[in-house]
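# Fold the following, please.
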Amino acid sequence: MSTTYKSAGVNIDAGNELVKRLKKKLPKIGGFGALFPINGTKYNLVSSTDGVGTKLKIAFLLNKHDTVGVDLVAMNANDLICVGAKPLFFLDYFACGKLSVDQAEQVIKGIVKGCVLSGLSLIGGETAEMPGLYKNDEYDLAGFSVGIIEKGKQINGKKIKSGDVVIGLPSNGLHSNGYSLIRKVFSDAELRRYSKQLLAPTKIYVKEVLAALSKFNSNKQNIVGIAHITGGSFYDKIERILPENTRAVIKKKSWKVPKIFKLVQKKGKVPSDDIYRTLNMGIGMVLIVRSNAVLRVKKFFKSAKTIGYIKKGNRGVEII
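As a prediction, this is how the structure comes out:
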């Protein structure tokens, strides 16, 4: 019997339906970062919020808490740069059943490290003890970040057109999505066996992506779309930035999928469409680039791969 993300307890379609309903009242939501104009200036603030998800369950099982703080920052900071924003500051929310100072200290050390890597200032946070809501040895994390960008310079995907090229930046593992599926597929013994891969912190792309935008978008936009490959993966996250009547085609054989992803798919008998809507499969960030800039952009990132292209068609993503 095959395993899907939905059978593991996560219904992406339900989440998308909620966003669809909310957008009727709040039409500006749904992007990777929300813009807020600073009146009287040429700047917009950009905000994002996210958590680590059930990857925390692996940290609890292994009693290893020094990496999930990096994940928390990465999930926020990587969203900010999808808009082209420079990260400014970060706040965290740590909720638990009973506060373990040693455990919380390890988590916060990771948050501090993530902030250093992404150029964010950790300016505050909240710690909440809620006995009865959380188990004594468990906690949950949320993060909130703010960045800044000049008005009119944000990356929003509106300039994406047929003929543009999709470039993938490699992930350094599973990052921080799909862990409900992973925990459904693997036994506790296997979770321990593959702990190094499973708890590898999410790669933070901030410095290299901002440097690329400075280099290639200073006079005109050569990088016209950026998508952080997290929940919903290739299908939902790339579609989020596509204009109407454009379609992204992703060639799944254009990069080498790391073994851990193949292992999850094989052991869980996960259908191809579902695995590419759940896990990043080795690609953590996607750039949509003008065709005449592809070679220069790939040379800049060095490890980047051409993984697809944009064509005319019904708005969406197809993987071949």
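# Checking the residue at the greatest distance from the centre of the chain next. Helix, strand or coil?
Within the chain, residue 40 marks the point farthest from the mean C-alpha position, 32.3 Å out by C-alpha atoms, centre = their mean. Using DSSP: H, G, I helix; E, B strand; the rest coil, the structure places residue 40 in coil.
# pretty sure residue 167 is in contact with residue 305, am I right?
Yes: counting by C-beta atoms under 8 Å, residue 167 does reach residue 305; the two are 6.9 Å apart. In this view, the C-beta of every residue, glycine as well, is placed from N, C-alpha and C.
# what residues are shared contacts of these two?
With contacts taken as C-beta atoms under 8 Å, 6 or more residues apart in numbering, residue 167 and residue 305 have residue 298 as neighbours in common.
# Show me where this structure has its strands.
Here the chain has its strands, by DSSP state E, at 34-37, 43-51, 86-96, 121-129, 139-150, 165-170, 223-228, 246-250, 283-289, 305-312, 316-319.
# Tabulate those (JSON lines), appending distance to residue 14, mean neighbour count and mean pLDDT.
Shown next, in JSON lines, are the strands of the chain (distance: least, C-beta to C-beta, whole Å; neighbours: other C-beta atoms under 10 Å; pLDDT from 0 to 100):
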{"stretch": "strand 34-37", "distance to residue 14": "22", "mean neighbour count": "14", "mean pLDDT": "94"}
{"stretch": "strand 43-51", "distance to residue 14": "17", "mean neighbour count": "20", "mean pLDDT": "97"}
{"stretch": "strand 86-96", "distance to residue 14": "23", "mean neighbour count": "20", "mean pLDDT": "98"}
{"stretch": "strand 121-129", "distance to residue 14": "27", "mean neighbour count": "13", "mean pLDDT": "97"}
{"stretch": "strand 139-150", "distance to residue 14": "20", "mean neighbour count": "21", "mean pLDDT": "98"}
{"stretch": "strand 165-170", "distance to residue 14": "28", "mean neighbour count": "22", "mean pLDDT": "98"}
{"stretch": "strand 223-228", "distance to residue 14": "21", "mean neighbour count": "26", "mean pLDDT": "98"}
{"stretch": "strand 246-250", "distance to residue 14": "24", "mean neighbour count": "21", "mean pLDDT": "98"}
{"stretch": "strand 283-289", "distance to residue 14": "24", "mean neighbour count": "26", "mean pLDDT": "98"}
{"stretch": "strand 305-312", "distance to residue 14": "28", "mean neighbour count": "19", "mean pLDDT": "98"}
{"stretch": "strand 316-319", "distance to residue 14": "19", "mean neighbour count": "17", "mean pLDDT": "97"}
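# So which of these is nearest residue 67?
strand 139-150 (11.9 Å; C-beta to C-beta).
# Pairing partners for that closest one, with directions?
strand 43-51 (antiparallel), strand 86-96 (antiparallel) (DSSP bridges).
# of those, which approaches residue 62 most closely?
Residue 62 lies closest, by C-beta to C-beta, to one member of those: strand 86-96, at 17.4 Å.
# Distance of the residue farthest from the centre of the chain relative to residue 151?
Relative to residue 151, residue 40 is positioned 12 Å away (C-beta to C-beta, to the nearest Å).
# Now do stretch 285-294: distance to the chain's middle.
Here stretch 285-294 is found 19 Å from its chain centre; the criterion is C-alpha atoms, centre = their mean, to the nearest Å.
# Can you list the residue ranges for helices in the stretch 151-300 of the chain?
In the stretch 151-300 of the chain, the helices defined using DSSP state H, counting those that start in this stretch lie at 179-185, 188-193, 195-198, 206-216, 233-239, 259-268, 272-275, 294-301.
# Show me which positions of the longest one end up buried.
Across helix 206-216, burial judged by 16 or more other C-beta atoms under 10 Å covers 206, 208, 209, 210, 212, 213, 216.
# Hmm, the last one is touching residue 294, no?
No: when contacts are counted by C-beta under 8 Å, residue 216 is not listed as touching residue 294 (10.6 Å).
# Which residues does the helix ranked longest in the chain contact?
Counting residues, the longest helix found in the chain (DSSP state H) is helix 101-118. Residues outside helix 101-118 that contact it (C-beta under 8 Å, 6+ apart): 65-74, 77, 87, 90, 92, 94, 96, 120-122, 127, 139, 141, 143, 201, 204, 206-207.
# if you set the cut-off to 7 Å instead, what comes out?
65-70, 72-74, 77, 87, 90, 92, 94, 121-122, 127, 141, 204, 206 (C-beta atoms under 7 Å, 6 or more residues apart in numbering).
# same question, stretch 43-56
Contacts of stretch 43-56 (C-beta under 7 Å, 6+ apart): 32-38, 68, 71-72, 75-76, 79-80, 83, 85, 140-151, 154, 176-177, 179-180, 183.
# give me that answer again for 6 Å
Outside of stretch 43-56, the residues within contact range by C-beta atoms under 6 Å, 6 or more residues apart in numbering are 33-37, 68, 71-72, 75-76, 79-80, 83, 85, 141-142, 144-151, 176, 179-180.
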